[in-house]
Structures are given as structure tokens and as C-alpha cells.
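> Give me a 3D structure for the following:
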Amino acid sequence: MKSQELKSYDGHSYELAGLFSLALRLVAGWTYFSAFWRRLVLENKLDPDAPGYIGEKFNHFLPNALGIQPMIEYLLLNPDILWIAMTVFTLVEAVVGLLFMLGLFTRLMSVGVFGLAMGILLGAGWIGTTCLDEWQIGILGIAVGFTVFLSGSGRYSLDYYLMKNHPSINEKPWFSWLASGVIPIKANVLHKLVLGGSLAILFITLLTNQVFHGGVWGTLHNKSVKPKLELSKPQLENGSLEFTVFRVEGVDVYGSWLIGIALEEPNGEAVLELDGKELAAFPESQIANTYVTKVKPGAHSLIIPLGGKARLRIEDTSLTSLNKNEYRLRLTDISGAEWTIPVYK
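So this is what the prediction gives:
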């Protein structure tokens, strides 16, 4: 038994393993190829000026991405580079997804699936309103990529066609590592690779589930259900009030609807109040957006999309004669949620 474990598995074993993983290849491959199909064939979501621009979706990832926030922010602060990155990313998804389904250079494509899934997991694993949508997509993609790397593709693949019609290619180690067929390592080493890789993926699963959702211990949380705004750098001088607002939580498919901005004295008396109607007419010249998702006036409120960050400036005669004091800035969402920050003059 021990001597048998030192040998590699034969080609028939790998052919069966690849055959059994066919459904994984087809389904996972389509999930990535379909991203290209949706963005360039059914619609043009690579147009920065069109509704649904993929860069805005990427912007939604920013507030709670794990470990890759600096890279996301760099791209968002450089829209031209962002467009190039989104175009390249879409083309990579197209190539990886299509070749994964066809079973051509299957193991190389499985590395691509693994990498794309890891990007989704780290960037958007926290997003999902009714269930853990993006987290599930990411973590299952990682598992599929790892599994198909080990199995290669079977009878229904272009790799198989090449192996059967050009037998000499089976003798090339590079083909085995990049495509399909017998992985040229001993069985006992392969066993350790499978166990070690599977445990590592399980660790990533539990870690991200806990970080994003509290799904392993403690209190469960879902950052996609309710809007949350962060207020910073308030400034009150020369008859104007400026502050930065950044939406960091809530549903990604629509904005937070701001229906109230008020500046209050310590006793709660309002010095300045803007209601939904006034915010719907908020001058866009007084909104300095930071990223590609724009804070902007809507029909009945000021709309703040997920990941949207802007510097707002309010000019009003009531702000010209204020005494030196500690004031309080209050923002009110249509849901009833409120956020406050002290303002000093």
C-alpha cells in the first residue's frame, strides 16, 4: 500500500475526475463569461457616461473591501486608469470563462477563475441584502477553481481532443500543468496538496464569513440592509458650512435619500434647516464629488449612492452672524436614520 501511494495516478483516473467536474466547468465558466456578455453584448456598461457603468459598481465595493481598499481607491481617483482596468478585467473574464467552459488550457483557466473569485470575495464579499450574495459567489468560485485545477478536464473538452489527436503532447510537463491530464507529482504529495489546499480555502471561508458578516461567532450583521453615512471635516466660516459625507453601508442598487440637513445649537434649536424639497434643488456646483459614483440632487431628495463621497457646501445668510460655539450638524435619511457630528465656530 505504501509503495502504491508513491506512484502517480494514471490517465484514466484523471479523465474520470475531469468528466465528473464538467458541470462545475460549464456553470462557473458561464458566470464569468456572462459578465462580458452583459457588459458589451447585451448593453454597453463600459461607457463611463452611460447608466450602469461598471466603474460605479466597482465604487460600491470600496467602503468595506478587505485588504484591497487602497487599490480600489487609487483606481477610483484616476478615472482613465479605472476605465482601462475595467476593460481589461472584462476581457479577462470573457477569455477565462469561455476557455473554462470549452476545456482549453483548463488548469491555467482554473487559476484565472480562482483569482477572479478571490477578487470578488475581497472586494464585494460584504454585499448582499437578503443573503450573502457576493460572498457566496466568491468563495464558491475559489473552491471550483481549486477543484478543477486538480481534476483538469475530461472527455468533453478541447484539452481531451488535443491529448487524443496529438499523443506526444501528453509527454510535455507544461501541458499537464497548464491544461489537463496527469499531474506529474506522486500520489502522497497530491494527497497533501488536496488536504492543505482544502483546509486553506476553508480557513478563507470562515475568516471572510466572520469579518464580513459575523457568521462564525458573535452577533450576525449585514452591512447591505440599512444606509450609513460617515460625516467628517465640518467647517463653518464666512457664511458657509462645508462638510464631507461618505456612504459606507446599505443597498448597492439605489441610494440613500437625504431629506434633511440641519445645523443646531447645543439646546437643539435649528440655526439652518434644509428639507427634501430644498435638497432636491441643491446646486450641483456646491457638490464636489470624489469618486465616480456621484452624490446628486434627485426628484425629492439628495441622493447618496453606496461608495459615494462628496464635499458639500451650504451658503446661507443665517450662517453669517453665528457666535463662536459648538454646533451640531444633523443629516436625516428618508428611512428615519440620522447622523450627527459636532461643528465648531
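> number of nearby residues for N325?
12 (other CB atoms under 10 Å). (Each C-beta comes from the backbone N, C-alpha and C, glycine too.)
> How about the contacts made by it?
N325 makes contacts with 265-266, 344-345, as judged by CB atoms under 8 Å, 6 or more residues apart in numbering.
> Now secondary structure too, for those, in a markdown table please.
Below are the contacts of N325 laid out as a markdown table (DSSP: H, G, I helix; E, B strand; the rest coil):
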| residue | secondary structure |
| --- | --- |
| E265 | coil |
| P266 | coil |
| Y344 | strand |
| K345 | coil |
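> What subset of these is buried?
Buried members of these, counted by 16 or more other CB atoms under 10 Å: none.
> Specify which member of those is nearest to L241.
Of all the contacts of N325, K345 has the smallest distance to L241: 9.7 Å, by CB to CB.
> just to revisit the earlier point, point out the least confident one among the contacts of N325.
Confidence by pLDDT is poorest for K345 among the contacts of N325, given 84.
> Can you give me the distance of it to E230?
Relative to E230, K345 is positioned 22 Å away (criterion: CB to CB, to the nearest Å).
> which strands and helices sit next to whatever helix or strand T244 lives in?
Using DSSP states H and E, T244 maps to strand 240-249. Counting by 3 or more CB pairs under 8 Å, 6 or more residues apart in numbering; DSSP states H and E, the packing neighbours recorded for strand 240-249 are strand 228-237, strand 309-315, strand 326-333, strand 338-344.
> Tabulate those strands (CSV), appending distance to G103.
Shown next, in CSV, are the helices and strands packed on strand 240-249 (distance: least, CB to CB, whole Å):
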stretch, distance to G103
strand 228-237, 45
strand 309-315, 44
strand 326-333, 50
strand 338-344, 52
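> could you pull out the strands for the chain?
Remark: strands assigned in the chain by DSSP state E are 228-237, 240-249, 256-264, 270-275, 287-289, 296-297, 302-304, 309-315, 326-333, 338-344.
> got the ones you listed as a markdown table, with distance to Y53 columns?
Shown next, in a markdown table, are the strands of the chain (distance: least, CB to CB, whole Å):
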| stretch | distance to Y53 |
| --- | --- |
| strand 228-237 | 23 |
| strand 240-249 | 18 |
| strand 256-264 | 20 |
| strand 270-275 | 29 |
| strand 287-289 | 14 |
| strand 296-297 | 14 |
| strand 302-304 | 16 |
| strand 309-315 | 17 |
| strand 326-333 | 25 |
| strand 338-344 | 28 |
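> Tell me which of those strands is the most buried.
When these are scored by mean count of other CB atoms under 10 Å, the highest mean neighbour count falls to strand 302-304 (a mean of 25).
> neighbouring contacts of that one?
So strand 302-304 is contacted by 227, 229, 245, 247, 255-258, 261, 279-280, 282, 295-297, 310 (CB under 8 Å, 6+ apart).
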